[in-house]
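[1] Predicted model follows, preceded by the sequence.
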Amino acid sequence: MKKTVYTTTTAVTALSVAERGLGFLYRIVLSRLIGAEGLGLYQVALSLFSLFLTIGTGGIPITVSRMISKSKAERRPMDEVSAFSSGAFLSLLLTLPVCLVLFLFGKNLTFLFSDERALPVFRILLLGLCFSSLYAVVRGSFWGNKQFLPPSILELAEESVMVIAGVLLLQRVDSPALGAERAAWAVVISYLFSFTASTICFFVKGGKLSSPTKMLKPMFNATLPLTSVRASGSLVNSAVAVLLPVMLVRAGLESGEAVAQFGIISGMVLPILFIPSTLIGALALVLVPELSEDFYRGNTERLKKNIERGLLFSLLVACILLPFFYAVGKNLGMLAFANPTAGEMIAYACPILLPMSLTMISTSVLNSMGFEKQTFLFYFVGAATLLLCILLLPNLCGSYAYLIGLGLSYTATALCNLLFLHKKCPIFEKRGRQVCVHVLFPALFGVLFISLLGKLCVTLLSKILSEFFSLVLSVAVMLLATALLYLLTGILPNPFSKKKE
C-alpha cells in the first residue's frame, strides 16, 4: 500500500507541477499584457466569483469521494452511484439559480467591488459557474474510486486551454479593464472544456446516474460544514479584495495604485508562495481515500503512520523551498513580472510556507476523518486574525498587512488543527518525538544554512553575471547543497548504500 501511495502521489504530483508551472507562466503573460492594475481587477472579480463557485461545490467533491470510499468499505455499490448523483444534483441546485439571478439582475452590484470596473469581469465569469461546479463533482467521483490520473490530466488540459485562449484573446489590449474581461473569457472557455471532457470520460469509464434521493440528505449534512469552511474562505478573500484597497487608500495611496498593489500580491506573489500547495495537494488527494477507509475500518496504526507521513512530507516541502524563495525571490520577481515590489514581497513573506503547509495537510487529514465541523471552527480563528491585520496594519506597513495577516492566520489554524488531531489520534508520542529529532531539526537547520548560502551566492554572482545567470547558478548551488545536506543527515536515503547491500 505504501508503494502504491508513493507511486500514485509521484504521478499526480508531476501532473500538478506541470499544471501549476503552466499557470505560473500564464501569470507572467497576464502581468505583462494587462499590467498590475488589470491583474488587480481580474483578481477582484475572481475573488467574488470564487465565493459562489465554492458555495456550489465547496465540500461536495471531497464528500462524494469519502462517501464512495465508505460505500466500498461497506460493500454497497448502489450507494456509490447514488452518492455521485446526489452530489451533482446538489451542486446544480446551489449554482444554477444563483447564476441566473446574478447574471440577469446583477447590474447594480458595483458596491461589492472596490472598483466598479470589476463588475463586467465578474458577470463574464458567471457563465462558467455551473460547468465548473459539475466538473468538480465528477472529479470527486474519480477520487473516491482511486482514479487519480484522469482528473489530474483533465486539470492540466484545462489549464492549457485557458493559457491558449488567454494568449489569443489578450492580443492588442489597450486598457486594464478590457484585458481583465478577456482574461475572464479565457477562464470560461477552459471551464466549458473541462466539463465536456470530464463528462465523456466519466461515462466511458462506466459511470452511472441514479436517483439522488437516498443519499441527498447525508450528502447535504456532510457537505455543509466543509462548504461553510470553504465558502467562508472565499468570503474572506472577497472581503480582503474590497477592504485592502480601501484601507490602502486611507493610508494615502491613489485608488488605481491600491488596486495595483492588490494585484501584485494576489496575482504575482501568492501564486509563487503557494507552490508547495501543488505537492501537498497531490499527497492529500491520494491520502484522503486511504485515511477515510482506515478510519472507518478502525485501522488505527496504519492511520497514524499515514498521518505522520503526510505531516512530515508537507514540512519537508516547505523547508526545501523556503530558502530558494528567500535567496532568489527578488530576482525572480524582476525576471518573471518585471516588478521589484513583487520580488521583495516573495523574499520577505516566504516564512509563511511553514504554517501554510501544516494547515493544508492537517485540514485535509481531519476532513478525511469526518471532523469537518472542527476544521470549520478552526478556520474562523485564522480568518479573524487575517481580517484584523487587514484593518489595523496598512497604516504601519502598507500592503504587507495582507502577508503578515496570512502568516498569523495559518499559524493559528495549524496549531488548533494539530492539537485537536493529537487528541483524537496521538501523533506526538515517542516515535513522533524521534522524527522531530532526526528529521525536522536537521531540516530546520538546513533552512537557515541554505538561505544564507543562497543569499551569498546571489550577492557575489550578481556582481559579475547578468541577473538571469546569477539566479540560475545560485539555484544550482542551493540544489546541490540541499541534496548533500539531506543525504548526510539521513533525511533522504543514500542510493549508493542500497547498491552495496
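    Structure received.

[2] contacting residues around residue 22?
    Going by Cβ atoms under 8 Å, 6 or more residues apart in numbering, residue 22 touches 156, 159, 160, 163. In short, each C-beta sits where N, CA and C put it, glycine included.

[3] measure the second one to residue 477 for me?
    Between residue 159 and residue 477 the computed distance is 31 Å (Cβ to Cβ, to the nearest Å).

[4] same thing with residue 392?
    Counting by Cβ to Cβ - residue 392 and residue 477 are separated by 41 Å.

[5] Comparing those two, which shows the higher neighbour count?
    Taking other Cβ atoms under 10 Å, residue 392 and residue 477 do not tie; residue 477 has more neighbours (18 against 12).

[6] Please look at that one and residue 454 and confirm they touch.
    Yes: applying Cβ atoms under 8 Å, one finds residue 477 in contact with residue 454, separated by 7.3 Å.

[7] any low-confidence regions in the stretch 201-350 of the chain?
    Scanning the stretch 201-350 of the chain for pLDDT under 70 picks out 225-226, 229, 282-300.

[8] What about the contacts of residue 22, which are in helices?
    Among these, the members falling in helices (DSSP state H) are 156, 159, 160, 163.

[9] Apart from its chain neighbours, what residue comes closest to the third one?
    Translated: residue 160. residue 22 (6.4 Å; Cβ to Cβ, 6 or more residues apart in numbering).

[10] Could you pull up the mean pLDDT of the host helix or strand of the one you found?
    Taking DSSP states H and E as the definition, residue 22 sits inside helix 2-56. Computed over helix 2-56, the mean pLDDT rounds to 79.

[11] which parts of the helix or strand residue 83 falls within are buried?
    Residue 83 belongs to helix 77-105 when assigned by DSSP H and E. Buried residues in helix 77-105, counted by 16 or more other Cβ atoms under 10 Å: 79-92, 94-95, 98-99, 102.

[12] Point out the other helices and strands that the helix or strand just after that helix packs with.
    Using DSSP H and E, the helix or strand that follows helix 77-105 towards the C-terminus is helix 118-126. Counting contacts by 3 or more Cβ pairs under 8 Å, 6 or more residues apart in numbering; DSSP states H and E, helix 118-126 packs against helix 2-56, helix 77-105, helix 176-204.

[13] Go through the ones you listed and name the closest to residue 214.
    Nearest of these to residue 214, taken as Cβ to Cβ: helix 77-105 at 4.9 Å.

[14] Can you give me the neighbour number for residue 374?
    Other residues near residue 374 come to 20 when the count uses other Cβ under 10 Å.

[15] do the same with the one 4 residues further on
    The burial count assigned to residue 378 is 25, neighbours taken as other Cβ under 10 Å.

[16] got the contact list for it?
    363, 413, 416, 417, 420.

[17] where's the dip in pLDDT among the residues you listed?
    Model confidence across these bottoms out at residue 363, which has 85.

[18] now that one, nearest residue through space, not along the chain?
    Nearest-residue entry for residue 363: residue 375, 5.2 Å, with adjacent residues in sequence omitted and distances by Cβ to Cβ, 6+ apart.

[19] got it, and residue 67?
    Take residue 67 and drop its neighbours on the chain: the residue closest to it by Cβ to Cβ, 6+ apart is residue 83, 4.0 Å away.

[20] give the contact list for the one you found.
    Neighbouring residues of residue 83 by Cβ under 8 Å, 6+ apart: 64, 67, 68, 71, 141, 144, 215, 219.

[21] Quick one, which of the residues you listed are buried?
    Applying 16+ other Cβ under 10 Å to the contacts of residue 83 flags 64, 67, 68, 71, 141, 144, 215, 219 as buried.

[22] Residue 424 is in contact with residue 369, correct?
    Yes: if you go by Cβ under 8 Å, residue 369 and residue 424 touch, sitting 7.2 Å apart.

[23] more neighbours, these two?
    The neighbour comparison of residue 369 against residue 424 (other Cβ under 10 Å) goes to residue 369, with 21 against 12.

[24] May I have the phi/psi pair for that one?
    Dihedral angles of residue 369 (phi, psi; degrees, to the nearest 10) stand at phi -90, psi 0.

[25] And it, how close does it get to residue 83?
    To residue 83, residue 369 is 18 Å away according to Cβ to Cβ.

[26] do the same with residue 190
    As for residue 190, its distance to residue 83 is 27 Å (criterion: Cβ to Cβ).

[27] Could you do residue 454 as well?
    Taken as Cβ to Cβ, the span from residue 454 to residue 83 is 48 Å.

[28] now do residue 404
    42 Å.

[29] OK, contacts around the residue nearest to residue 184 when sequence neighbours are not counted?
    Once flanking residues are discounted, residue 184 sits nearest to residue 124: 4.1 Å by Cβ to Cβ, 6+ apart. Contacts for residue 124 (Cβ under 8 Å, 6+ apart) come out as 181, 184, 185, 188.

[30] Of those, which is the most crowded?
    Most neighbours among those, by other Cβ under 10 Å: residue 184, with 27 neighbours.

[31] doesn't residue 42 make contact with it?
    Yes: judged on Cβ under 8 Å, residue 184 makes contact with residue 42 at a distance of 6.9 Å.
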